[in-house]
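> return a 3D structure for these sequence lines:
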Amino acid sequence: QVQLVESGGGLVQAGGSLRLSCAASGDTSSTQTMGWFRQAPGKEHKFVAAISATGRTTTYENSVKARFTISRDNAKNTVYLRMNSLKPDDTAVYYCAASNYGDTSRTSRTDYYAWGQGTQVTVSS
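Sure, this is the predicted structure:
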């Protein structure tokens, strides 16, 4: 079983940047694609970004393209989400997730089998 722990959230002004980290531990042998989702207050989880096992392929939700960058360091079992030009609409709890699927087109929550506890990102205007 995989355990995921996110960190790096916080309060930032609009236009600022944050880098989220997701450290994986346990049995990661079957984990392929890693993803980030977010949940704003009163709303459902929404897909943000995904990265393939090798890191060569990425997918982004349209509203974060060109502002967010997902990356991974397999030697450290860690996935990152660099967020630039943050907007108040980016305010949400951000969750890291692990998938057994090999392609990054997996944007549904049901495609991911393990989740972290989430880290709060608040962007003030």
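> what comes up buried for the longest strand along the chain?
For the chain, the longest strand by residue count, based on DSSP state E, is strand 18-26. Residues of strand 18-26 classed as buried: L18, L20, S21, C22, A24 (neighbour count, 16 or more other Cβ atoms under 10 Å). To be clear about C-beta, it is placed using only N, CA and C from the backbone, and glycine gets the same treatment.
> following that strand, which helix or strand shows up next?
strand 34-39 (DSSP states H and E).
> pLDDT of that following strand, averaged?
Here strand 34-39 scores 98 as its mean pLDDT.
> ok now that strand, how far from the chain's centre?
Remark: strand 34-39 is offset 4 Å from the chain centroid, using Cα atoms, centre = their mean, to the nearest Å.
> show me the contact partners of that strand.
Contacts to strand 34-39, defined as Cβ atoms under 8 Å, 6 or more residues apart in numbering, come from residues 20, 22, 24, 45-51, 70, 72, 79, 81, 90, 92-99, 104, 106-107, 109, 112, 118, 121.
> again, only this time at 6 Å
Residues from elsewhere that reach strand 34-39, judged by Cβ atoms under 6 Å, 6 or more residues apart in numbering: 45-51, 79, 81, 92-95, 97-98, 112.
> who's the spatially most central residue of the chain bridged to?
Nearest to the mean C-alpha position of the chain, by Cα atoms, centre = their mean, lies W36 at 2.2 Å. W36 has the following beta-bridge partners by DSSP bridges: A49, C96.
> G8: which of the buried residues of strand 18-26 is nearest?
L20 (4.2 Å; Cβ to Cβ).
> tell me which residues touch that closest one, please.
Per Cβ under 6 Å, 6+ apart, neighbours of L20: G8, L81, Y94.
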